[in-house]
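[1] Generate a structure from the sequence data that follows.
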Amino acid sequence: MNLAENEIALPVRTFAPSAAREIPAWWHGAKRCIDVIVACVALLLTAPVLIAAALAIVAVSPGSPIFVQERVGKNGRRFRMYKLRTMVRGAHLLHEDVRHLSEVSGPVLKIRNDPRLHAVGAFLRRTSIDELPNFLNVLLGDMSVVGPRPPLPCEVERYCSGARRRLTVKPGVTCLWQISGRSRVSFDEWILLDARYVDEWTPWSDLAIIARTIPAVIRADGAC
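    Take a look at the predicted model:
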């Protein structure tokens, strides 16, 4: 899908970092090493799944199986995020039209039985297969394996100052929200979990979150 169709003309903002915290320089190096290793392993192991999912998408819905969408990353920087397409073409144009169906509070939009999903979209979401191309963003340096999920520009526009703290670190493929019930967690709780991550992350906590993500995905815990 063409990125231009998804772009929202909003001003680029700079977000101030959270309260000063002494982070050893090697932690950042360790985090990047974890990112590259996990992303490479994940893409190699799931390549057959990605290919099968892409073919299934093409079979049930015309258009590219890869969905490219503008998201907001660290310090408000925009980047192109890659996912497997779970909705019919043009679904992004109906974003505000279906907002009243959202099953979570706050500016995010989460609908368990989203009417915009194509025939295999619900399965791809429930199993998190649609998010596997996010690992390409990890290799490109736009995302980390662990960090707050990257929001849409229109969601950031509705953020309070407290919510913007989640933009002071790289967004991630998985996070505390992902292993804590996902859509069963309110937006306020989600923001508190992200703030906790910003304040307390270490290379060891990242490894622990990665380890806990695998069973959470298998159980489809809180998937929407």
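[2] end-to-end on stretch 195-205?
    14 Å (CA to CA, to the nearest Å).
[3] looking only at pLDDT, what's the mean for that stretch?
    Rounded to a whole number, the mean pLDDT of stretch 195-205 is 94.
[4] Can you tell me what sits against that stretch?
    Under the contact criterion CB atoms under 8 Å, 6 or more residues apart in numbering, stretch 195-205 has outside partners 18-19, 21, 27, 30-31, 34, 146-148, 162, 165-166, 168-169, 175-176. (Each C-beta comes from the backbone N, C-alpha and C, glycine too.)
[5] Pull out the buried members of these.
    30-31, 34, 146-148, 165-166, 168-169, 175-176 (16 or more other CB atoms under 10 Å).
[6] residue ranges with poor pLDDT in the chain?
    1-20, 92-112, 183, 221-224 (pLDDT under 70).
[7] circling back: quick one: which of the buried ones among the contacts of stretch 195-205 sit in helices?
    30-31, 34 (DSSP state H).
[8] Got phi/psi on the spatially most central residue of the chain?
    Computing the C-alpha centroid of the chain and ranking residues by CA atoms, centre = their mean puts R149 first, at 3.9 Å. Main-chain dihedrals, R149, degrees, to the nearest 10: phi -60, psi 140.
[9] you'd agree it is up against L176?
    No. Counting by CB atoms under 8 Å, L176 is not a contact partner of R149; they are 10.4 Å apart.
[10] which strands and helices sit next to whatever helix or strand L139 lives in?
    Using DSSP states H and E, L139 sits within helix 134-140. Here helix 134-140 touches helix 25-60, strand 78-84, strand 144-146, strand 172-174, going by 3 or more CB pairs under 8 Å, 6 or more residues apart in numbering; DSSP states H and E.
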